[in-house]
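[1] Next come a sequence and a model predicted from it.
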Amino acid sequence: MNADLVELVTEALAQAKKQGLRQKDVAERSQIGEVGLSRLKKADDARFSTLQALGESLGLKLIWVPDSSLVELVTKGELFD
């Protein structure tokens, strides 16, 4: 499994839970499907369009963040809303 991909999917599902959504709801909203979402949770790789659809279904957006500034963003509290 790809640790970064697992982290993205885990974050998305945590956001879904905060919104009161089940994985089944997320699968339907993102049009990934239940089987696709299950596979994504264990995948080594994923298409950008799949991750984009997952994020959009939850009001999330993929962005580039420089590694060097990641700690600074977390410390300032600017990484998460």
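    That came in fine, so what should we check first?

[2] mind checking which helix or strand Val26 is in?
    helix 23-30 (DSSP states H and E).

[3] Name all residues that make contact with Ala16.
    Taking CB atoms under 8 Å, 6 or more residues apart in numbering as the criterion, Ala16 is in contact with 22-23, 25-26, 58. Quick note: C-beta positions are derived from backbone N, CA and C, even for glycine.

[4] Using TSV, lay out those residues together with distance to Arg39 and neighbour count.
    TSV is the format used below for the contacts of Ala16 (distance: CB to CB, whole Å; neighbours: other CB atoms under 10 Å):
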residue	distance to Arg39	neighbour count
Arg22	18	11
Gln23	12	14
Asp25	18	14
Val26	14	21
Leu58	18	20
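
[5] for the very next helix or strand once past the helix holding Val26, packing partners?
    Next along the chain after helix 23-30, taking DSSP H and E as the criterion, comes helix 34-40. Counting contacts by 3 or more CB pairs under 8 Å, 6 or more residues apart in numbering; DSSP states H and E, helix 34-40 is packed against helix 23-30, helix 48-56.

[6] rerun that using 10 Å as the cut-off
    With contacts defined as 3 or more CB pairs under 10 Å, 6 or more residues apart in numbering; DSSP states H and E, the packing partners of helix 34-40 are helix 3-18, helix 23-30, helix 48-56.

[7] Out of those, which is closest to Leu62?
    helix 48-56 (5.8 Å; CB to CB).

[8] Run through who's touching the closest one.
    5, 8-9, 11-13, 15-16, 26-27, 29-32, 36-37, 39-40, 43, 46-47, 60-63 (CB atoms under 10 Å, 6 or more residues apart in numbering).
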